[in-house]
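**Q** Have a look; sequence and predicted model below, questions after that.
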Amino acid sequence: MNVYWGYGATGKTNLEYQHLYGGKSFAWISEFCAKTRFGTVHLTGFKNNKKWWDLEVTNKIYHKRIDEDKVRVVSNTQRKLCYILGGMNRSFNMRYVQIFPMNYLDPDLEARPKKRGQNTLSLGTKGLKKYSQLKYANTQAYFSAINNQSGKCKTGILEPMSPKYYPKDAHTICPYALSNRCGDTYTSINRPLDEWFQDQRNIVPFKSDLQEYAVKFLDGFGDFRRDTKWGVDVIEALKDDPKFVYDYLDYNIFTVPRIHAERFKQYNIEFEYFDLDKGDYKKTFDLSRQLSRNLDNPVIYQLRNTKKKKEVREKYFILYDIAEKYLKSRGRKDNRV
């Protein structure tokens, strides 16, 4: 099984969509659930510089209840005509929508809250408790109740996910709860790793184009560091406290990849690197076809879709120069260990 150890800004959602497009199943491993997705693409096209598809997806949720001995699996199938990855950091197809400006280049681009549709139902706390009961196991209400507890079990009925509960039919899994950012520190990557991972194909993403990577983190400063007074204005942050911004870049570009590598060494887990800038998705993950690697790149999306072309391009080259200066100060051209 492929295990993709994605962390901040390493194309986790892109990889999921590569699998849907390429005919393979992909699973997200969260705190209390494992969610697999398998897609059939019936048609694709383009509109407004964004690719769309007619996609049929089968979703499965693997979960272990405290009142049952075996893992329970619930599923549903959906078919949609929609954009593949329609926005910047937060796509139209993702549940988590962009509710405030997150990017420096064009903070007003698609930064509006997206309202729930009139027919969208939210179960609420009481509903979660009620419809998590086994008598509703064959309903969409149960599926929704369990899905909404994947990160935090609000009813107390689910056991934490462990490899013995992972789906056996997933082509690639992303152990999100073990590898991704939690708040301002990567607390999840301090957790011990099960020896099960020693027998899997572990893949760690990296960026060979560190300048582009630095630009992405500079542009996304307001998203990755939501606790500052500067918001998206990374230029003002640099003027006020250049060390803070450089430390922020150091941590995301160099420290986190190093922590991952050291962690695998500690637990005797072999791994291979995948280059997000040059790697072949089709070959590496045995897909039938692949999408553009820049499908969800927020920098490229803003440059293409902004109505303030001149202003945004000028801001981009400012970030590009800052990234170049930063990397020269660090004297490194590679963030692999």
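**A** Arrived safely.

**Q** Quick one: the helices in this structure, in order.
**A** 12-22, 124-131, 140-147, 176-179, 210-219, 221-224, 234-240, 242-250, 256-266, 281-284, 298-305, 309-330 (DSSP state H).

**Q** low-confidence ranges in this protein?
**A** Under the criterion pLDDT under 70, the flagged ranges of the chain are 86-100, 110-120, 181-189.

**Q** now with 80?
**A** Counting by pLDDT under 80, the ranges of the chain that qualify are 48-50, 85-101, 109-121, 180-190.

**Q** coming back round to it: compare the helices of the chain and give me the one nearest residue 4.
**A** Closest to residue 4 of the helices of the chain is helix 12-22 (CB to CB; 6.0 Å). Placement of C-beta: from N, CA and C, glycine included.

**Q** Turn the helices of the chain into TSV, including mean neighbour count and distance to residue 49.
**A** TSV is the format used below for these (neighbours: other CB atoms under 10 Å; distance: least, CB to CB, whole Å):
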stretch	mean neighbour count	distance to residue 49
helix 12-22	22	17
helix 124-131	14	38
helix 140-147	19	32
helix 176-179	22	29
helix 210-219	22	18
helix 221-224	21	22
helix 234-240	17	25
helix 242-250	16	29
helix 256-266	16	31
helix 281-284	16	21
helix 298-305	20	5
helix 309-330	15	13
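
**Q** Using TSV, lay out the ones you listed together with distance to residue 62.
**A** Shown next, in TSV, are the helices of the chain (distance: least, CB to CB, whole Å):
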stretch	distance to residue 62
helix 12-22	16
helix 124-131	18
helix 140-147	10
helix 176-179	14
helix 210-219	33
helix 221-224	30
helix 234-240	40
helix 242-250	36
helix 256-266	25
helix 281-284	25
helix 298-305	31
helix 309-330	41
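
**Q** can you tell me which of these comes nearest to residue 78?
**A** Closest approach to residue 78 among the helices of the chain is made by helix 140-147 (10.6 Å; CB to CB).

**Q** how close does residue 43 get to residue 14?
**A** Between residue 43 and residue 14 the distance is 21 Å, computed by CB to CB, to the nearest Å.

**Q** Determine which of the helices of the chain approaches residue 35 most closely.
**A** Closest approach to residue 35 among those is made by helix 140-147 (7.2 Å; CB to CB).

**Q** and the closest one with helix 124-131, angle?
**A** Angle of helix 140-147 versus helix 124-131, following axes from the mean of the first three to the mean of the last three CA atoms, to 10 degrees, is 110 degrees.

**Q** Enumerate every residue touching residue 16.
**A** Contacts for residue 16 (CB atoms under 8 Å, 6 or more residues apart in numbering) come out as 26, 28, 37, 174.

**Q** Hmm, I typed the wrong one, I wanted residue 335.
**A** 206-207, 210, 213, 253-254, 257-258.

**Q** redo that, cut-off 6 Å
**A** Counting by CB atoms under 6 Å, 6 or more residues apart in numbering, residue 335 touches 253-254, 257.

**Q** same check, this time on residue 67
**A** Residue 67 makes no contacts at all, as judged by CB under 6 Å, 6+ apart.

**Q** change it to 10 Å
**A** 133-134, 157 (CB atoms under 10 Å, 6 or more residues apart in numbering).

**Q** Adding distance to residue 20, write those residues out as JSON lines.
**A** Shown next, in JSON lines, are those (distance: CB to CB, whole Å):
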{"residue": "133", "distance to residue 20": "32"}
{"residue": "134", "distance to residue 20": "31"}
{"residue": "157", "distance to residue 20": "30"}
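
**Q** In JSON lines, list those along with neighbour count and distance to residue 325.
**A** Below are the contacts of residue 67 laid out as JSON lines (neighbours: other CB atoms under 10 Å; distance: CB to CB, whole Å):
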{"residue": "133", "neighbour count": "14", "distance to residue 325": "59"}
{"residue": "134", "neighbour count": "12", "distance to residue 325": "60"}
{"residue": "157", "neighbour count": "21", "distance to residue 325": "53"}
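
**Q** Show me which of these is closest to residue 84.
**A** Nearest to residue 84, judged by CB to CB, of those is residue 157 at 34.9 Å.

**Q** thought that closest one was touching residue 131?
**A** No - Residue 157 is beyond contact range of residue 131, at 11.3 Å (criterion: CB atoms under 10 Å).

**Q** Mind listing the shared neighbours of those two?
**A** By CB under 10 Å, 6+ apart, the residues touching both residue 157 and residue 131 are 145-146.

**Q** residues touching the residue lying closest to residue 230 once chain neighbours are set aside, list them.
**A** Setting aside the residues directly before and after it, residue 230 is nearest to residue 237 in space (CB to CB, 6 or more residues apart in numbering), at 4.2 Å. Residues counted as contacts of residue 237 (CB under 10 Å, 6+ apart) are 104, 218, 221-222, 225, 228-231, 244-245, 248.

**Q** Quick one: neighbours of the residue lying closest to residue 101 once chain neighbours are set aside, just the number.
**A** In this structure, residue 101 finds its nearest non-sequential neighbour in residue 107, 3.5 Å apart by CB to CB, 6+ apart. For residue 107, the count of nearby residues is 16 (other CB atoms under 10 Å).
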